[in-house]
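Student: make a model of this:
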Amino acid sequence: MKKISAVVAMFAVTAFAGAALAAGPEKIELPASMGKISFPHKKHQEMLKDCKKCHEKGPGKIADLGKDWAHKTCKGCHTEMKKGPVGCKDCHKK
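Tutor: Next up is the predicted model:
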């Protein structure tokens, strides 16, 4: 019985840790080279529910993140969903 309890406890701890890591940061400040952009990561997670829309290669930093990628992916999604900023000054704050 103790072995079963230990296995269940280990599984619970592992599952919780995985969920916590998958959650990611609340907000991400993008590099200055992209302009002063504050990206509400948690808000996007809650709304989209599909990490692969942005993280095609799996969790973690987006390797291709840059102007072209962001304009295609972010602005494209906002346009398609008719939700979110699409104008330059809407994202790039001074």
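Student: flag every buried residue along the strand or helix carrying residue 77.
Tutor: Taking DSSP states H and E as the definition, residue 77 sits inside helix 76-81. Judged by neighbour count (16 or more other CB atoms under 10 Å), helix 76-81 contains these buried residues: 77, 78. Any C-beta I mention is one placed from the backbone N, CA and C, and that applies to glycine too.
Student: who touches it?
Tutor: Where contact means CB atoms under 8 Å, 6 or more residues apart in numbering, the residues beyond helix 76-81 that reach it are 53, 84, 85, 86.
Student: please indicate which of those residues are buried?
Tutor: When neighbours are counted using 16+ other CB under 10 Å, the contacts of helix 76-81 contain these buried positions: residue 84.
Student: with respect to residue 34, which of the contacts of helix 76-81 is nearest?
Tutor: residue 85 (13.9 Å; CB to CB).
Student: list the contacts of the closest one.
Tutor: With contacts taken as CB under 8 Å, 6+ apart, residue 85 has the following neighbours: 78, 91.
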